[in-house]
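Asks: How does the following fold in three dimensions:
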Amino acid sequence: MSNSASLTRLLTAASVLVGYSQGAKAQESDFFTGKTLSFVVGVPPGGGYDAYTRLLARHMGRHVPGSPQVVVRNMPGAGGLVAANHLYNVAPKDGATLGLFASSVLFSPTLGEKRSQFETGKFTWIGNVDQTIGTCVVSSTSSIQSFDELLSKSAIFGAESPSAVNSIHPRGFNALFGSRIQIINGYPGSTQVLLAMSRGEVQGGCGFALSSLKSARRHDWEQGNIKAIIQTGFEKSDELKGVPHIYDYAKSEDDKKVMHVIYGTHALGRPLVAPPDLPAERVKSLRDGFNATMKDPAFLEEANKSQMPIDPSTGEQVEKMVATFSNYPPEIFDRAKKILEAGEVVNVKLKDLEGPIKSVVKNMVTVGDSAGKAVTLRVNSSQTKVTIQGAQATIAELKAGITCRFEYFGENDLAPKVDCK
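Replies: Just a heads-up that it's a prediction; the model follows:
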């Protein structure tokens, strides 16, 4: 074969590949054009995961072929487990629905969580926004000054549910180190745990990322209203000098491996996840869009202004990290499962209030109690169950003048249930 003939064949093959690549990009653009990307976040509004999801949603759409709009949908429940189950089993497997929730939830099947309806390794990993440094914090008004005190002194910590990181982490401390933390479950999210701390109902809470303390919780953090007493990242943080690390309490190498399983997934601090079995080109488009967003000057500028650290990993890097965790010996997982057995679950007791509604301003409802005092409560369309004369209703139907019975966490806090006459 002549050199000219070989060159002609090479050029022909190259043009076919270019044409295929351009065609694939056009198909991806056609798919996303005019569509809306839904970002499901497994916590209520107001926390760190919610803040990062909304930041990502404001920028990622323009880096995906077809420049789709992006909306955020909060789907709280069981510390993010409801959202993870939904993404895996219900959401369309076309790339139009993505999720962002705690990595502890994503690894919950390996730790014996029976309500997990997914296989961790089969999720499609798009990327990770930040490699989180986890902490446990206490209120400045509590009597707790250090983690060592918890080894001899009882304390009450608030949590969402046994499957949530803020319940898993203190249970691990109790089993591994002999701490004496009583865990009260049932708070909708970390915001409600902080409010309970400010009211003195609980003394502390776990699972607070340092990035969240510096951004969504910045006021309480900078004012000293909350104090970190232990850190749970892979390595000690220079920003938490004087705060002990969990590995400081390890008694053996096996202890460290178990700690990796229970606490190490914090390295996947803000993972963006898609359902399993997405088309390969769709995965590439979403990963490329995520990677481009992580370098976008506008995205980085907004993150910097909000003091939200960005330390990203690609989807391929996340896949390798997941495989590393999944390949620990079975005996390490068995020990971790035994450590994290929930046992008796203690839930928070809600307060009761019945009286006439005095005013409704956006999602804040002011109610008169039996002594005539005005109490303001928060309602939420996805977190508050409303009935009027026994029939299901919406928060929009709550009006001044009607008498209702509220179940609530505390003043200015969420009312999960409202029953009106």
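Asks: At which residues are the strands of the stretch 51-200 of the chain located?
Replies: Taking DSSP state E, counting those that start in this stretch as the test, the strands found in the stretch 51-200 of the chain are 69-74, 97-100, 124-128, 134-139, 155-158, 181-184.
Asks: Local confidence estimate at Met321?
Replies: According to the predicted model, the pLDDT of Met321 comes to 87.
Asks: what's the closest of the strands of the stretch 51-200 of the chain to His86?
Replies: Nearest to His86 among the strands of the stretch 51-200 of the chain is strand 97-100; the distance by Cβ to Cβ comes to 7.9 Å. (C-beta placed from N, C-alpha, C; glycine too.)
Asks: Identify all contacting residues around that closest one.
Replies: Residues from elsewhere that reach strand 97-100, judged by Cβ atoms under 8 Å, 6 or more residues apart in numbering: 37-42, 49, 52-53, 56, 83-84, 86-87, 91, 126, 129, 270-275, 286.
Asks: what does stretch 142-155 give?
Replies: Residues from elsewhere that reach stretch 142-155 (Cβ under 8 Å, 6+ apart): 136, 138, 173, 177-182, 197, 203-204, 227, 229-230, 244.
Asks: mind checking how far Ile183 is from Asn347?
Replies: With the distance defined as Cβ to Cβ, to the nearest Å, Ile183 ends up 10 Å from Asn347.
Asks: and these two? which has more neighbours close in?
Replies: Legend: neighbour count by other Cβ atoms under 10 Å for Ile183 and Asn347, higher for Ile183 (23 against 11).
Asks: just the buried members of the contacts of strand 97-100?
Replies: When burial is judged by neighbour count using 16 or more other Cβ atoms under 10 Å, the buried members of the contacts of strand 97-100 are 37-42, 49, 52-53, 56, 83-84, 86-87, 91, 126, 129, 270-275, 286.
Asks: So which of the residues you listed are in helices?
Replies: 49, 52-53, 56, 83-84, 86-87, 286 (DSSP state H).
Asks: got those as a markdown table, with pLDDT and distance to Glu319 columns?
Replies: Output for these, formatted as a markdown table (pLDDT from 0 to 100; distance: Cβ to Cβ, whole Å):
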| residue | pLDDT | distance to Glu319 |
| --- | --- | --- |
| Tyr49 | 88 | 21 |
| Tyr52 | 93 | 20 |
| Thr53 | 96 | 21 |
| Leu56 | 97 | 19 |
| Ala83 | 94 | 21 |
| Ala84 | 95 | 17 |
| His86 | 97 | 22 |
| Leu87 | 97 | 17 |
| Leu286 | 97 | 14 |
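Asks: The residues you listed into TSV, with extra columns for distance to Phe118?
Replies: As requested, those are exported to TSV (distance: Cβ to Cβ, whole Å):
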residue	distance to Phe118
Tyr49	18
Tyr52	22
Thr53	19
Leu56	22
Ala83	11
Ala84	6
His86	10
Leu87	8
Leu286	19
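Asks: Out of those residues, which is nearest to Pro330?
Replies: The closest of these to Pro330 turns out to be Ala84 (Cβ to Cβ; 23.1 Å).
Asks: wait, the closest one sits on Phe101?
Replies: Yes. Between Ala84 and Phe101 there is a contact under Cβ atoms under 8 Å: 5.9 Å.
Asks: what's the overlap in contacts for the two?
Replies: With Cβ under 8 Å, 6+ apart applied, the overlap between the contact sets of Ala84 and Phe101 consists of 42, 273.
Asks: Tell me who's in contact with Asn185.
Replies: Residues in contact with Asn185, defined by Cβ under 8 Å, 6+ apart, are 159-162, 164, 167, 345-348.
Asks: Filter these down to the buried ones and express that as a PyMOL selection.
Replies: Paste this into PyMOL to select the buried members of the contacts of Asn185, with burial taken from 16+ other Cβ under 10 Å:
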select buried, resi 159+160+161+162+164+167+348
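Asks: In helices, which of the contacts of Asn185 appear?
Replies: Secondary structure of the contacts of Asn185 is defined by DSSP H; positions in helices are Ser167.
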